[in-house]
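*Asks:* Sequence and predicted structure are below.
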Protein chains: 2
Amino acid sequence: MTVEDWPQVWPLIEEVVRAGDTFPYPQDLTQSEARPLWLENGPGGRTSVATEGQLVLGTAKMGRNRPGPGSHVATASYMVASEARGRGIGRALVVDSLDWARAAGFLAMQFNAVVATNRGAIGLYESLGFTVIGTVPRAHRMPSGELVGLSIMHLDL
Amino acid sequence: MTVEDWPQVWPLIEEVVRAGDTFPYPQDLTQSEARPLWLENGPGGRTSVATEGQLVLGTAKMGRNRPGPGSHVATASYMVASEARGRGIGRALVVDSLDWARAAGFLAMQFNAVVATNRGAIGLYESLGFTVIGTVPRAHRMPSGELVGLSIMHLDL
């Protein structure tokens, strides 16, 4: 995507962030806070969008997980619009990010904070070969106040 | 510490970062890159120093691990000067950070990237009750080129 696409991407990000149940972002994140968070992915990183005509159905951000001695490991995050779920958009975004990471020479993809109750996302990642390295208990506060785990997931590329 | 202490703290950080075997920071980190990394710890965060007279023997940084729905979990990092190791400085820095985190109302302390070959640090954390949530394989490149794991560690407060 280009920065010009941002006005079409923000409503999708806003929907996911406001729901508060799948992403480790502040539920009251503003558009001006979200923009660098989603678009600035460090050296070599990128943001992708899945579109259907003019509609943005999903988006992903990807880059290195850490600088220096950890820069051979990539990370990524994905969002799919609620009305577009169940159509394979998430899978296409993940596969595209894995292709990007392999082409960029990364040795692995790591997710740092997958909300442990987000079974759809975890099942998708597992179907692509990811494993759960571990789950930090009670690390994510749901909008209900309930504390649920955050899982670290990993795939060798 | 105060920002005025920085000139005394940087040589210790430089020693640890240049060694490259215990910290997930770029080995060639510059002083101007290190300063915000070590001193800016987000809302409510702080940097501590362990001193003996004018000598800085160790330093720690601490703050929330994530904003928003993860802001009830703290994180911290610690460095001890090589000539001061084996004297309990590391333990004192960790205990102080746990006291700080409890007083600030955090529910847990999480370390995101403990180099898995750093047995001294892991043993210290385990002796204080931390557990290894999981270890991301081959996530840290040692100066030798060898890839070693990065462990996620956690303690309920």
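*Replies:* Now that the structure is in, tell me what you want to look at.
*Asks:* how many other residues sit next to the residue in chain A that chain B sits nearest to?
*Replies:* Going by Cβ to the nearest Cβ, chain B is nearest to A:Gly134 of chain A, at 2.4 Å. Placement of C-beta: from N, CA and C, glycine included. As a burial measure, the neighbour count of A:Gly134 was computed by other Cβ atoms under 10 Å in any protein chain shown and equals 21.
*Asks:* Helix, strand, or coil at it?
*Replies:* Three-state secondary structure (criterion: DSSP: H, G, I helix; E, B strand; the rest coil) places A:Gly134 in strand.
*Asks:* hang on, isn't it packed against A:Gly149?
*Replies:* No - here A:Gly134 lies out of contact with A:Gly149, judged by Cβ atoms under 8 Å, at a distance of 9.2 Å.
*Asks:* sorry, back to before: OK, contacts around the nearest residue to the residue of chain A closest to chain B once chain neighbours are set aside?
*Replies:* On the basis of Cβ to Cβ, 6 or more residues apart in numbering or on different chains, the spatially nearest residue to A:Gly134 that is not a chain neighbour turns out to be B:Gly134, at 2.4 Å. B:Gly134 sits next to A:132-135, A:152, B:151-152 when contact means Cβ atoms under 8 Å, 6 or more residues apart in numbering or on different chains.
*Asks:* Reformat the residues you listed into TSV and put pLDDT next to each item.
*Replies:* Converted to TSV, those look like this (pLDDT from 0 to 100):
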residue	pLDDT
A:Val132	98
A:Ile133	98
A:Gly134	98
A:Thr135	98
A:Ile152	98
B:Ser151	98
B:Ile152	98
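*Asks:* could you redo those as a markdown table and give each row distance to A:Gly44?
*Replies:* Rendered in a markdown table, the data for those read as follows (distance: Cβ to Cβ, whole Å):
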| residue | distance to A:Gly44 |
| --- | --- |
| A:Val132 | 27 |
| A:Ile133 | 24 |
| A:Gly134 | 27 |
| A:Thr135 | 29 |
| A:Ile152 | 22 |
| B:Ser151 | 26 |
| B:Ile152 | 25 |
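*Asks:* B:Val56: which of those residues is nearest?
*Replies:* The shortest separation between B:Val56 and any of these is 26.9 Å, and it belongs to B:Ser151 (by Cβ to Cβ).
*Asks:* helix/strand/coil for that closest one?
*Replies:* Using three-state DSSP, the structure places B:Ser151 in strand.
*Asks:* if I read this right, A:Val49 contacts A:Glu4, doesn't it?
*Replies:* No - proximity of A:Val49 to A:Glu4 does not meet the contact threshold set by Cβ under 8 Å, at 11.3 Å.
*Asks:* between these two, which one's more packed in?
*Replies:* Neighbour tally, A:Val49 and A:Glu4, criterion other Cβ under 10 Å: the higher count belongs to A:Val49, 18 against 7.
*Asks:* Let me know the secondary structure of that one.
*Replies:* Of the three states, A:Val49 takes strand according to three-state DSSP.
*Asks:* which residues touch the closest residue to A:Asn118 other than its chain neighbours?
*Replies:* Leaving aside its sequence neighbours, A:Asn118 sits nearest to A:Thr22 (Cβ to Cβ, 6+ apart; 4.8 Å). Contacts were defined as Cβ under 8 Å, 6+ apart; by that measure A:Thr22 touches A:16, A:115, A:118, A:121.
*Asks:* hmm, who's touching stretch A:149-157?
*Replies:* Under the criterion Cβ under 8 Å, 6+ apart, external residues in contact with stretch A:149-157 comprise A:24, A:74, A:98, A:101-102, A:106-117, A:122, A:125, A:128-140, B:70, B:133-134, B:136-138, B:152.
*Asks:* Which of these fall within helices?
*Replies:* Counting by DSSP state H, the contacts of stretch A:149-157 place A:98, A:101-102, A:122, A:125 in helices.
*Asks:* filter these to the buried ones?
*Replies:* In the ones in helices among the contacts of stretch A:149-157, burial by neighbour count holds for A:98, A:101, A:122, A:125, counting by 16 or more other Cβ atoms under 10 Å in any protein chain shown.
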